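A.B. asks: Have a look; sequence and predicted model below, questions after that.
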Amino acid sequence: MDAERFGWSLATEGEQPELLEMLAAFYVEEQLVHDPEGTSAAVRTLLGDPSLGAIWLLKCDGSTAGYLIASIGFSVEFGGRYVLLDELFIRPQFRGHGQWRKGFAEVERWAAEKGIHTLRLEVNHHNSRAKGLYLGYGFIDDERSILTKRSIG
């Protein structure tokens with residue numbers, strides 16, 4: 001597959017069904033808890049409010065090959081706003097072409113246009129291959145653990 005056949009573009013509301021299908025596949029692959037209703041609502045919210053972040057779709061010859069979700073957070077440690085590369089999924093048959101790097105570069109351009117200069121991401125402990133790729137891209141291992149408390153309030 002030639003790299004020029006691929007392209008990242010911002011997702012639209014009309015592409016939500018295909019995006020949700022890929023989200024479900026990602027959650028299975030990454031062994032994450034999947035709440036289809038909550039996921040669908042979060043995707044609708046993100047697509048409807050660009051101040052929260054953005055979703056990109058990877059296309060290859062008209063087929064949707066993957067997605068990347070970035071959300072905007074705020075941290076005093078990082079001097080204000082930062083971008084969380086929240087999710088990245090490329091369908092197995094489209095992997096191995098370095099398209100994740102092009103997606104990350106797209107997010108970096110988008111963030112810089114917003115005056116945001118810090119990117120963060122999470123990688124599961126069992127996904128050492130992805131961690132190695134991200135370290136090679138310039139991310140550092142903060143040697144922290146992320147703790148989560150669901151259903152507060």
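C.D. replies: Received, thanks.

A.B. asks: got the contact list for K114?
C.D. replies: Taking CB atoms under 8 Å, 6 or more residues apart in numbering, we find K114 in contact with I72, R81. Where C-beta positions appear, they are placed from N, C-alpha and C, glycine not excepted.

A.B. asks: Helices of this protein, start to end?
C.D. replies: Remark: helices assigned in the chain by DSSP state H are 16-29, 36-48, 99-113, 128-137.

A.B. asks: and those as TSV, adding distance to D86, mean neighbour count and mean pLDDT?
C.D. replies: Written out in TSV, the entries for these read as follows (distance: least, CB to CB, whole Å; neighbours: other CB atoms under 10 Å; pLDDT from 0 to 100):
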stretch	distance to D86	mean neighbour count	mean pLDDT
helix 16-29	11	15	95
helix 36-48	9	14	96
helix 99-113	10	17	96
helix 128-137	14	13	94
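
A.B. asks: Figure out which of these is closest to S145.
C.D. replies: Checking the helices of the chain against S145 by CB to CB gives helix 128-137 as the closest, at 14.0 Å.

A.B. asks: and the angle from that closest one to helix 99-113?
C.D. replies: Interaxial angle, helix 128-137 versus helix 99-113 (axes from the mean of the first three to the mean of the last three CA atoms, to 10 degrees): 50 degrees.

A.B. asks: Who are the contact partners of T45?
C.D. replies: Applying CB under 8 Å, 6+ apart, the residues contacting T45 are L52.

A.B. asks: if I look at S51, how far off is A70?
C.D. replies: Taking CB to CB, to the nearest Å as the criterion, S51 is separated from A70 by 12 Å.

A.B. asks: circling back to that earlier point, mind putting the helices of the chain in CSV, distance to G79 included?
C.D. replies: Supplementary listing: the helices of the chain in CSV, determined by distance: least, CB to CB, whole Å:
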stretch, distance to G79
helix 16-29, 31
helix 36-48, 24
helix 99-113, 13
helix 128-137, 21
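
A.B. asks: S9 is nearest to which of those helices?
C.D. replies: Comparing the helices of the chain by CB to CB, helix 99-113 comes nearest, at 8.8 Å.

A.B. asks: Grab the longest strand from this structure for me.
C.D. replies: As far as residue count goes, and with DSSP state E defining each element, the longest strand of the chain is strand 63-75.
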